[in-house]
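Enquirer: Here is my input; please provide its structure:
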Amino acid sequence: MDLPTLDDYPTRKGTEAALLYRRDPTVWGTAEDGPLTDEELQEHDRRGYTRFASLLDAGEAAGHLDEADRLVGDPRLRGDERAVVDPADGGVRSVFEVHRVSEVFEALANDPRLLEPARQILGSEVYVHQSRLDHRPGFGGGPLYWRSDFETWHAEDGMPRMRAVGFSVALTDHHPHNGAPLVMPGSHRTYVSCLEEGDGGRAGTPDRATLTILADRHGIDVLEGAPGDVTALDANCMYAAGANITPWARS
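Expert: Alright, predicted model coming up:
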């Protein structure tokens, strides 16, 4: 007789949202496994994210921005299911599986400067679960609502454990006024079990009461940065981004 497997991270099933304890480590490796010191690993464990200033130099960041501009301007991508198109103006806002669409971003996904800390944090060899180019043009970039990547990947892709980390590479300046990413430091320690239809009818969207609890508990960091800066973010960390109402694009 096969017994049902209990899910440590249930979501989109109940009638009420819930805050559950995380049951997996944040850091799986040690200081001997990679470039981060023991102190840096402890800080990553505490906050749920680590920032690397100027991991790419200015020329590299500019080259990747040129490639991003080429992709969002490519008319062939507008009909591709991997592209997210703004219905208001027809502009491409996101490109999923960008490491499969672009050789430039494939090389970035395999860059040792990203791979080595990823392997160290996760304590294993790694693979790309998802890659995405985000482009928020001036006067045209809408907000990105609060979310945890793990909740989506667990509910929709079947990812069983919180053994994942995302790397966000800034290709432009990130300021509070052009929609710099927002993170609730420490929120990765709590799993948010969402409703089937969250705020605005979006599946997996945390409700406002839950977000208020997390924000009051952890606060909100604004991840300002320059081209070439990189943020390693635990997959269960709650993050968002504001709208861009400035003339300056954010990618």
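Enquirer: Which parts of the stretch 151-251 of the chain are strands?
Expert: 165-169, 181-183, 190-193, 221-222, 230-234, 239-241 (DSSP state E, counting those that start in this stretch).
Enquirer: Tabulate these (a markdown table), appending mean pLDDT and distance to Arg136.
Expert: Heads up, the C-betas are built off the backbone N, CA and C, glycines and all. Formatted as a markdown table, the strands of the stretch 151-251 of the chain follow (pLDDT from 0 to 100; distance: least, C-beta to C-beta, whole Å):
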| stretch | mean pLDDT | distance to Arg136 |
| --- | --- | --- |
| strand 165-169 | 98 | 13 |
| strand 181-183 | 97 | 11 |
| strand 190-193 | 96 | 25 |
| strand 221-222 | 98 | 15 |
| strand 230-234 | 98 | 16 |
| strand 239-241 | 96 | 8 |
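Enquirer: Report the distance from stretch 167-180 to the chain centre.
Expert: Its chain's C-alpha centre and that of stretch 167-180 lie 13 Å apart, by C-alpha atoms, centre = their mean, to the nearest Å.
Enquirer: Offset the numbering so it begins at 30, please.
Expert: Shifting the count to begin at 30 puts that one at stretch 196-209.
Enquirer: What lies in contact with it?
Expert: The contact list for stretch 196-209 (C-beta atoms under 8 Å, 6 or more residues apart in numbering) reads 84-85, 90, 93-94, 97, 137, 143, 147, 165, 167, 170, 172-173, 210, 251-262, 270-275, 277-280.
Enquirer: Shouldn't Leu39 be within a helix?
Expert: Rather than Leu, residue 39 is Pro. No: with DSSP: H, G, I helix; E, B strand; the rest coil as the criterion, Pro39 is coil rather than part of a helix.
Enquirer: surely it meets Ser222?
Expert: Yes: with contact defined as C-beta atoms under 8 Å, Pro39 reaches Ser222; the gap is 5.7 Å.
Enquirer: Residues that sit against both of these two, list them.
Expert: The contact lists of Pro39 and Ser222 share Leu49, where a contact means C-beta under 8 Å, 6+ apart.
Enquirer: Same drill for those two, tell me which one is more crowded.
Expert: Set Pro39 next to Ser222 and count neighbours by other C-beta atoms under 10 Å: Ser222 wins out with 20 against 15.
Enquirer: which non-adjacent residue is nearest the more buried one?
Expert: Closest residue in space to Ser222, ignoring its immediate chain neighbours: Ala47 at 4.2 Å, by C-beta to C-beta, 6 or more residues apart in numbering.
Enquirer: returning to that earlier point: just the buried residues of the contacts of stretch 196-209.
Expert: 84-85, 90, 93-94, 97, 137, 143, 147, 165, 170, 173, 210, 252, 254, 256-262, 270-271, 273, 277-280 (16 or more other C-beta atoms under 10 Å).
Enquirer: quick one: the residue nearest to Ser222 and Arg41, what's the gap?
Expert: 11 Å (C-beta to C-beta, to the nearest Å).
Enquirer: and these two? which has more neighbours close in?
Expert: Between Ala47 and Arg41, counting by other C-beta under 10 Å, Arg41 is the more crowded of the two (16 against 13).
Enquirer: In space, what's closest to the more buried one - neighbours in sequence excluded?
Expert: Closest to Arg41 by C-beta to C-beta, 6+ apart is Glu225, at 4.6 Å.
Enquirer: Turn the strands of the stretch 180-280 of the chain into TSV, columns for distance to Ser131.
Expert: TSV is the format used below for the strands of the stretch 180-280 of the chain (distance: least, C-beta to C-beta, whole Å):
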stretch	distance to Ser131
strand 194-198	13
strand 210-212	22
strand 219-222	33
strand 250-251	29
strand 259-263	18
strand 268-270	22
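Enquirer: can you tell which of those is closest to Gly63?
Expert: Closest to Gly63 of these, according to C-beta to C-beta: strand 259-263, at 11.4 Å.
Enquirer: what secondary structure does Asp95 sit in?
Expert: helix.
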